[in-house]
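>>> Curious how this folds, go ahead:
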Amino acid sequence: MLFGKSTHVTKEMVLAALSKIQEPELHRDLVTLNMVKEIEIAEGDVSFTITLTTPACPLRNQIESEARAAVAKLPGVRQVTVKFDAQVRADHRIGAKLNVPIKNIIAVGSGKGGVGKTTVSVNLAVALGQMGAKVGILDADIYGPNVPMMMGVSEMPPVVGEKMTPATAYGIEVMSIGFLVPEGEALVWRGPMLHSAIRQLFTDVAWSDPSAGSGQGLDYLIVDLPPGTGDAQLSLAQLVPLTGGIIVTTPQAVSLADARRGITAFQRLEVPVMGIIENMAGEVFGEGGGEHAAEALGVPFLGRVCLEPSIRQGGDAGEPAVVAQPDSEQAAVFRAVAQKVAAQVSVLNARRPAAPRSPIKLEMGAS
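Numbering: from 1, shown residues only. Next up is the predicted model:
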């Protein structure tokens with residue numbers, strides 16, 4: 001006995017303490033969410049693992065602090081060790097429609113070209129990967145498939161078997177619609193031809209193929225859309241459920257009109273809008289248009305990226321900012337955006353029905 005209280009700590013006591021700690025984004029307690037694993041107790045030393053819904057969890061420190069404090073209050077506890085792992089929740093609609101090892105698909109679009117959408121896409125993908133997620137990026141921009149250049153790859157590996165193998169850079173799997181045509185040839189696809197090409201980039205690519213020993217598939221696939229609201233967006237939405245969409249815009253006042261077009265397109269396609277990113281902010285183009293647009297349109301403002309020559313130089317050299325200058329202010333912004341996006345994915349999937357239907361494998365040439 002210690003101060004009149006039992007010194008024998010049990011797993012039930014630890015679970016009871018942790019059942020009072022809420023996951024800040026999902027607003028349910030850690031025990032109900034089945035996030036507490038591997039409780040071990042040895043002479044008052046308590047350790048346990050919290051399984052986060054994403055390795056990019058922005059509130060990890062808060063969860064750790066509250067969980068540690070709750071267990072430390074139990075009588076007889078001398079030391080608390082909190083460990084973490086992560087299991088990204090899947091958008092089960094994807095598996096119900098396509099036989100692909102992809103948990104979540106995030107589309108990055110814009111109301112017009114020239115806003116740095118691809119720069120945002122590659123830095124978002126690499127930032128998520130740096131935090132421990134398994135990530136791929138799909139370049140679906142038929143007007144300018146620049147993801148390979150910005151990721152420092154020139155071509156995909158040779159086809160093995162029946163599926164194309166994505167290139168890999170900075171731990172990210174890379175596939176581009178530009179890989180399907182000779183270098184320098186203009187892409188003038190529309191309608192059925194474009195739809196078929198986009199379907200092929202999903203169903204005929206060995207995305208993180210589990211049979212090849214590369215894990216359990218992608219946690220996140222970032223899709224770099226062409227600017228505007230054309231056939232590519234429609235084909236993508238018809239082919240596979242999109243977990244969410246992001247709009248990239250510039251700071252000028254006209255950004256409101258551009259952002260509205262992009263958001264309206266996502267909404268008509270029943271794609272949840274995760275928010276707006278303001279890119280190229282600073283002395284040249286001003287600041288605040290993207291934030292004002294988010295407020296006016298009632299969507300989250302994900303972050304502001306300032307116009308910096310180093311970002312452009314890194315893209316030209318095939319080194320995204322989060323790789324070339326990891327300690328820079330802009331790299332920190334991209335990481336913060338990645339955390340916000342990952343958190344939104346977790347919330348969206350928690351609200352969706354969890355029971356998937358049997359997957360349907362699409363064959364080339366199917367309608």
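
>>> Can you give me the distance of Leu239 to Met131?
28 Å (Cβ to Cβ, to the nearest Å). Quick note: C-beta positions are derived from backbone N, CA and C, even for glycine.

>>> My error: substitute Glu291 in the last question.
25 Å.

>>> same thing with Ala72?
As judged by Cβ to Cβ, Ala72 and Met131 stand 28 Å apart.

>>> Over to Ser328?
Distance of Ser328 to Met131, given as Cβ to Cβ: 17 Å.

>>> again, but for Ala86
9 Å.

>>> Would you mind listing the residues touching both of those two?
Listed as contacting both Ala86 and Met131 by Cβ atoms under 8 Å, 6 or more residues apart in numbering are Pro55.

>>> Which parts of the stretch 151-300 of the chain are helices?
Ranges of helices within the stretch 151-300 of the chain are 191-203, 231-239, 255-268, 289-297, based on DSSP state H, counting those that start in this stretch.

>>> right, and those - which one's nearest Ser346?
helix 255-268 (19.4 Å; Cβ to Cβ).

>>> same for that closest one, what does it pack against?
Packing partners of helix 255-268 (3 or more Cβ pairs under 8 Å, 6 or more residues apart in numbering; DSSP states H and E): strand 105-109, strand 244-249, strand 273-281, helix 289-297.

>>> Contacts for it, please.
Residues beyond helix 255-268 that count as contacts (Cβ under 8 Å, 6+ apart) turn out to be 107, 109-112, 115, 228-229, 233, 245, 247, 249-250, 272-273, 276, 278, 289-290, 292-294, 296-297, 299.

>>> Give me the buried entries from those.
Among these, the ones that count as buried by 16 or more other Cβ atoms under 10 Å are 107, 109-112, 115, 228-229, 233, 245, 247, 249-250, 272-273, 276, 278, 289-290, 292-294, 297, 299.

>>> residue contacts, the residue nearest to Val135 when sequence neighbours are not counted?
Of all residues not flanking Val135 in the chain, Gly129 sits nearest, at 4.4 Å (Cβ to Cβ, 6 or more residues apart in numbering). Residues near Gly129 by Cβ under 8 Å, 6+ apart: 135, 170-172.

>>> Could I get the pLDDT score of Gly129?
What the model reports as pLDDT for Gly129 is 96.

>>> What strand or helix carries it?
helix 117-130 (DSSP states H and E).

>>> For that helix, what is the distance to the chain centroid?
Distance of helix 117-130 from its chain centroid, counting by Cα atoms, centre = their mean, to the nearest Å, is 9 Å.

>>> where do the strands sit along the stretch 51-200 of the chain?
79-86, 105-109, 135-139, 167-169, 172-176 (DSSP state E, counting those that start in this stretch).

>>> Show me the contact partners of the fourth one.
Outside of strand 167-169, the residues within contact range by Cβ under 8 Å, 6+ apart are 148, 151-153, 155-157, 173-175, 318.

>>> Just give me how far that strand sits from the chain centre.
Per Cα atoms, centre = their mean, the displacement of strand 167-169 from the mean C-alpha position of its chain is 17 Å.

>>> who does it pair up with?
strand 172-176 (antiparallel) (DSSP bridges).

>>> now do the third one
Using DSSP bridges, the neighbouring strands of strand 135-139 in the sheet come out as strand 172-176 (parallel), strand 220-224 (parallel).

>>> Of those, flag the one that's most buried.
strand 220-224 (a mean of 27; mean count of other Cβ atoms under 10 Å).

>>> that older thread, okay if I get the helices and strands packed on helix 255-268 as a markdown table plus mean pLDDT and distance to Ala338?
Listed next are the helices and strands packed on helix 255-268 as a markdown table, based on pLDDT from 0 to 100; distance: least, Cβ to Cβ, whole Å:
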| stretch | mean pLDDT | distance to Ala338 |
| --- | --- | --- |
| strand 105-109 | 94 | 10 |
| strand 244-249 | 94 | 11 |
| strand 273-281 | 93 | 11 |
| helix 289-297 | 87 | 17 |
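
>>> quick one, which of these is nearest to Gly95?
That would be strand 105-109 among the helices and strands packed on helix 255-268, by Cβ to Cβ, at 11.3 Å.

>>> Mind exporting the C-alpha coordinates of the closest one to CSV?
Extracted as CSV, the C-alpha positions of strand 105-109 are listed here (Å, rounded to 0.1, in the frame of the first residue of the first chain):
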residue,chain,number,x,y,z
ILE,A,105,-7.0,9.4,-53.4
ILE,A,106,-6.5,13.2,-53.1
ALA,A,107,-7.0,15.4,-56.2
VAL,A,108,-5.1,18.7,-56.5
GLY,A,109,-6.7,21.1,-58.9
